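Undergrad: 3D model of this:
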Amino acid sequence: MLQNVRSHESYLHFVVEQLDIHYKNKTFLKDFFFEPIIWCSLMNLTDTAALLKHRYSSDPRGRKPRNPCDMLRSLLLMHQQQVTSVNQWVFTLKTTPILAILSGFSPDNVPGVGTFYDFFNRLWLRSTPHLSNRKKRKLKKSKKKGKKNQKLEPKNPHIVEKLVKRVLKNKNVRYTPKAHDQLQVLFQSLFVNKSESDGLLGNTKSLSILGDGTPVVTGGRPFGQFLCDCRKRGHWKCQYNRLFSDPDADYGWDSSREKYYYGRSLFMITASDSPYDLPIYPRMYRASKHDSVLFISTFHELLYWYPNWKIGECILDSALDAYPIYEMLEHYDVSAIIDLNPRRSKHFVYNEMNINLDGVPVCPIGREMLDWGVDKKRFRRKWRCPAAVGKWECPTPCSNSTYGRTFYTSTKDNPRLFPRVKRDSKEWYKRYSLRTGVERCIKRQKVDYRLEDSRGRSSRHWNIRSYCIGMCQHADAWVKEAKKNNFSNLYPSIKALLSL
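TA: Purely as a prediction, here's the structure:
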């Protein structure tokens with residue numbers, strides 16, 4: 001039963017008091033632990049206890065649990081220090097008193113490894129660390145390979161269209177509870193909402209988002225453990241069930257490395273106007289799913305978790321260049337900035353007029369018509385004859401009028417061919433250039449925070465790790481903002497401790 005959870009001010013008072021006792025040399029703290037001290041002092045995790053109260057027993061008997069605020073802070077500090085093992089982190093807490101103090105623990109009363117794994121169970125809304133049965137048949141790796149920087153197409157060529165039709169039938173956003181929901185509640189309540197209030201995510205009344213997937217290699221083996229004696233009898237092609245350490249992982253195609261990998265796909269949603277490329281919703285899926293399928297699911301989960309936000313723009317790469325996705329975004333009044341996939345692109349005919357790959361009408365003599373602005377009342381774009389505008393003589397004029405022929409294109413008729421922002425315009429290239437923000441966000445997860453180095457073997461491990469790194473990314477942004485303001489929002493005792 002949770003009792004007497006201390007406030008953030010009480011935690012900071014505890015830190016200052018303990019550091020005064022164990023570290024007389026304040027210069028040492030400022031030289032070697034300046035950033036962790038600032039980092040922890042800016043994270044107010046007091047609401048963690050209220051958010052996790054239902055995960056603790058209400059029975060007052062028995063041993064009192066650890067303060068969940070301190071456990072979460074220690075877990076985040078572990079990721080900030082780039083420690084990938086709980087065993088190693090517990091050893092570090094016992095040998096480095098300042099890290100135990102910053103976590104909120106007394107140096108002579110550090111939680112053990114089992115306490116951290118018990119806390120993992122409280123963060124994961126499922127009785128087991130896995131989402132599927134550990135006993136199953138061995139997965140077969142596909143022999144089909146893609147080209148450089150080209151992802152394999154979905155096994156079902158019409159899966160995207162079917163998913164979008166199913167989603168658009170429901171007027172309200174439906175959501176099935178997931179095992180990672182508690183992590184999302186903590187991430188959203190303690191970090192995303194604070195970054196939003198500080199203006200680090202852009203305008204949430206017309207939010208521009210980025211989305212992209214990345215492979216995550218698991219620590220489990222794809223072969224599994226044999227449960228039969230087929231090999232002893234000389235049967236090498238066994239089809240019986242095997243025991244897998246990570247049953248939720250499967251094979252996926254890594255287009256950048258041009259090889260298959262065994263693990264998961266992390267689909268990341270990021271705020272495009274964020275100066276620090278902050279994540280909004282990290283989501284783990286099976287590796288075999290295509291990015292277009294992942295986006296449809298992730299987008300509707302995003303609408304559920306952030307009902308007060310208005311998504312105004314969505315910037316995606318060419319892997320998600322599918323007409324049903326344009327229809328879905330248009331249904332939710334979202335402007336689509338998606339690069340064309342050259343394998344799906346060709347010239348079109350619209351109202352007896354040829355349209356090139358940039359969505360520009362081409363007149364009968366092969367000249368592109370000139371953009372003459374948008375008619376906002378009728379929601380369509382106007383195009384004029386290049387000969388009439390340039391005042392040169394056309395060999396085969398389409399109209400006898402001196403104004404020349406006019407042509408109109410509408411986004412509702414074909415949102416892929418005629419997006420709200422003209423595809424070859426400066427505005428389109430300016431907005432699409434922001435797409436690299438999600439790649440930098442993923443780089444922060446996989447390179448800076450060494451996401452894959454932990455070699456985890458369960459869905460619980462990978463979800464907790466990706467969410468904790470996302471929380472650390474927000475905390476890093478708060479530190480940078482505090483530096484810009486000369487640490488004016490720091491607790492006075494922390495300022496005095498670090499001589500700021």
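
Undergrad: tell me the helices and strands packed up against the host helix or strand of Phe28.
TA: Assessed by DSSP states H and E, Phe28 sits inside helix 26-32. Applying 3 or more C-beta pairs under 8 Å, 6 or more residues apart in numbering; DSSP states H and E, we find helix 26-32 packed against helix 492-498. For every residue, glycine as well, the C-beta is placed using N, CA and C.

Undergrad: low-confidence regions, this protein specifically.
TA: By pLDDT under 70, the low-scoring segments of the chain are 1, 147-149, 344-347, 500.

Undergrad: kindly list the longest helix within it.
TA: helix 459-484 (DSSP state H).

Undergrad: got the buried residues for that one?
TA: 459-479, 481-482 (16 or more other C-beta atoms under 10 Å).

Undergrad: what ranges do the helices span in the stretch 1-150 of the chain?
TA: 8-22, 26-32, 34-41, 48-51, 68-80, 86-95, 97-103, 113-123 (DSSP state H, counting those that start in this stretch).

Undergrad: over to the stretch 201-350 of the chain?
TA: Going by DSSP H, counting those that start in this stretch, the stretch 201-350 of the chain shows helices at 291-305, 323-331.

Undergrad: residues near the nearest residue to Lys165 once chain neighbours are set aside, how many?
TA: Excluding the flanking residues, the one nearest Lys165 by C-beta to C-beta, 6 or more residues apart in numbering is Pro324, at 7.7 Å. Neighbourhood size, Pro324 [other C-beta atoms under 10 Å]: 20.

Undergrad: ditto for Asn67
TA: Neighbours of Asn67 (other C-beta under 10 Å): 20.

Undergrad: quick one: residues contacting Lys194.
TA: Going by C-beta atoms under 8 Å, 6 or more residues apart in numbering, Lys194 touches Asn44, His474, Trp478.

Undergrad: go with 10 Å
TA: Leu42, Met43, Asn44, Leu200, His474, Ala475, Ala477, Trp478 (C-beta atoms under 10 Å, 6 or more residues apart in numbering).

Undergrad: same question, Pro247
TA: Going by C-beta under 10 Å, 6+ apart, the list of residues near Pro247 reads 128, 130-136, 139, 220, 224, 457-459.

Undergrad: what about it, distance to Asp181?
TA: 21 Å (C-beta to C-beta, to the nearest Å).

Undergrad: so how far is the first residue of stretch 453-464 from its last?
TA: Taking C-alpha to C-alpha, to the nearest Å, stretch 453-464 runs 14 Å from one end to the other.

Undergrad: coming back round to it: redo the helices of the stretch 201-350 of the chain as a markdown table? Include distance to Ser433.
TA: Shown next, in a markdown table, are the helices of the stretch 201-350 of the chain (distance: least, C-beta to C-beta, whole Å):
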| stretch | distance to Ser433 |
| --- | --- |
| helix 291-305 | 20 |
| helix 323-331 | 20 |
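
Undergrad: list the buried residues of stretch 146-164.
TA: Lys151, Leu152, Pro154, Ile159, Val160, Leu163, Val164.

Undergrad: now do whichever strand or helix holds the fifth one against helix 323-331, angle only.
TA: Val160 is located in helix 159-169, with elements delineated by DSSP H and E. Taking axes from the mean of the first three to the mean of the last three C-alpha atoms, to 10 degrees, one finds that helix 159-169 is oriented at 20 degrees with respect to helix 323-331.

Undergrad: the stretch 351-500 of the chain: helices as residue ranges?
TA: 386-390, 426-432, 436-443, 459-484, 492-498.

Undergrad: how about those, which one is nearest Leu52?
TA: helix 459-484 (13.4 Å; C-beta to C-beta).

Undergrad: got the angle for the closest one vs helix 436-443?
TA: 120 degrees.

Undergrad: what helices and strands are in contact with helix 459-484?
TA: helix 34-41, helix 68-80, helix 113-123, helix 181-187, helix 193-197, strand 207-217, strand 259-271, strand 279-286 (3 or more C-beta pairs under 10 Å, 6 or more residues apart in numbering; DSSP states H and E).

Undergrad: what bridges to the residue nearest the centre of the chain?
TA: Nearest to the geometric centre of the chain sits Met268, at 2.1 Å (C-alpha atoms, centre = their mean). Met268 has these beta-bridge partners by DSSP bridges: Asp212, Pro282.

Undergrad: which ones are touching it?
TA: 210-214, 277, 279-283, 298, 438-439, 441-442, 444-445, 466, 470.

Undergrad: and with 6 Å instead?
TA: Pro279, Pro282, Val438, Cys441, Ile442 (C-beta atoms under 6 Å, 6 or more residues apart in numbering).

Undergrad: could you dump those into CSV with neighbour count added?
TA: Below are these laid out as CSV (neighbours: other C-beta atoms under 10 Å):
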residue, neighbour count
Pro279, 27
Pro282, 25
Val438, 26
Cys441, 26
Ile442, 22
